[in-house]
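Chemist: Just to be clear, the model below is a prediction. Sequence and coordinates:
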Amino acid sequence: MQALPEIRIGGRRIAADAPTYVIAEIGVNHNGNADLAHKMIDAAQATGADAVKFQTYRTQDLVLESAAKAEYQNRTTGLGSQFDMLRALELPFEVFVDLRAHCREVGIDFMSTAFDPISLDHVASLEPVCLKWPSGELTNWPLLRQARATGLPVMLSTGMGSLREIAAAMDLMGPDADVVILQCVSNYPARIEDQNLRVLPVMQAAFGCPVGFSDHTIGPYAAVAARALGMAVLEKHFTLDCGMEGPDHAASIEPADFTQMVSLLRQIEQGLGDGVKRPSPSEENVRSVARKSLVYRRDLPAGHVLQETDLIGKRPGGGIGMDQMELYVGRALSQAVTADQLLEPDHVR
């Protein structure tokens, strides 16, 4: 079999045949409250997630004061400007230093999406396991060049993007960059029928790198399907309470359901196997019962030349298999045999 593309993140092998690297995206679901952010790290670690992801930005460098909200943001946070909403959710840089230390203490990987040059410098200084790239910056070439200069692996979300735009970003990152490309649909929540998950193996083949899924759907179903199609990384919005006020809580998953999703993925991974078709040891008992052995249809005398009509297959297996019949047809019996007697090699000459 051809080797699957892989990279290393935080010492972990990231590939379609490795355990899914699961990211609990806290994002801005801390609602601008540092204490809540710390509680969410502990909650995410307890679910079995491999990493938590935040969002780091300077509102004044990200958005104009006149910028409108997306429709889903109006639904979840009411009318008002995008600037005011993001300002209320912004955490100071020094808070991320503490969040990074907390992740080290509890043994979960830290990452944070940066949306502007100053924030990217700050995130990189925290030595995250990788840079998680936001879909909205897929075509931000200056920021991508800055990311390339850090030397960190990049998880590249591709919401709203085309294959051509992904190719341009990959060319800019260069052939030696460690990249995971994430399929993403930038809607919150996103409809499962919009996910186009069959693009995962297409992108893996096109770009020769592992692929993943930034999942904005409700429930675990899209993630389960993506795993079977080669997903190496899963990112899913995480919240302590889907009913909390804020733009992303309604499209997020709570701790109990996140835990169940991780458990389901681990079970599926056991079932995916290595792609080599062979009998399973657990099939041996059934194999001996369900397969057939060659036996004689009727009593036959010594010297009789066997014809195909003299033989029949009957359970159990363990004798000469049906696929060996042609080796015996046309040969003379060395002894007399009886109906339903198992054919044996020394019965013919």
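Modeler: Perfect, I can see it now.
Chemist: average pLDDT across stretch 112-129?
Modeler: Mean per-residue pLDDT for stretch 112-129: 98.
Chemist: got it, and stretch 39-49?
Modeler: 98.
Chemist: So for Leu163, what's the pLDDT?
Modeler: Leu163 is given a pLDDT of 97.
Chemist: Verify the contact between it and Ala206 for me.
Modeler: Yes - here Leu163 lies in contact with Ala206, judged by CB atoms under 8 Å, at a distance of 7.1 Å. Every C-beta, even on glycine, is put in place using the N, C-alpha and C of the backbone.
Chemist: Between the two, which contacts overlap?
Modeler: Residues touching both Leu163 and Ala206 (CB atoms under 8 Å, 6 or more residues apart in numbering): there are none.
Chemist: can you list the domains in this protein?
Modeler: Per automatic domain parsing, the structural domains of the chain span 18-272, 281-347.
Chemist: Which of those domains has the highest mean neighbour count?
Modeler: Of all those, domain 18-272 carries the top mean neighbour count, a mean of 18, counting by mean count of other CB atoms under 10 Å.
Chemist: Span of it from start to end?
Modeler: For domain 18-272, the first-to-last residue distance is 10 Å (CA to CA, to the nearest Å).
Chemist: What ranges does the chain have for its strands?
Modeler: Using DSSP state E, the strands of the chain run over residues 7-9, 12-14, 21-27, 51-56, 109-114, 131-133, 154-157, 179-184, 211-215, 231-237, 293-296, 311-314.
Chemist: So for Asn196, which of those strands sits nearest?
Modeler: strand 179-184 (7.0 Å; CB to CB).
Chemist: Paired strands for that closest one, with orientation please.
Modeler: strand 154-157 (parallel), strand 211-215 (parallel) (DSSP bridges).
Chemist: could you give the mean pLDDT of stretch 242-249?
Modeler: Rounded mean pLDDT across stretch 242-249 is 95.
Chemist: what's it in contact with?
Modeler: 27-29, 31, 72-73, 76-77, 85, 89, 188, 237, 239, 241, 250, 252-254.
Chemist: for stretch 163-183, same thing?
Modeler: Against stretch 163-183 from outside (CB under 8 Å, 6+ apart): 7-9, 14, 130, 138-139, 141, 144-145, 147-148, 153-158, 195-197, 199-200, 203-204, 206-207, 209-214, 226, 232-233, 235.
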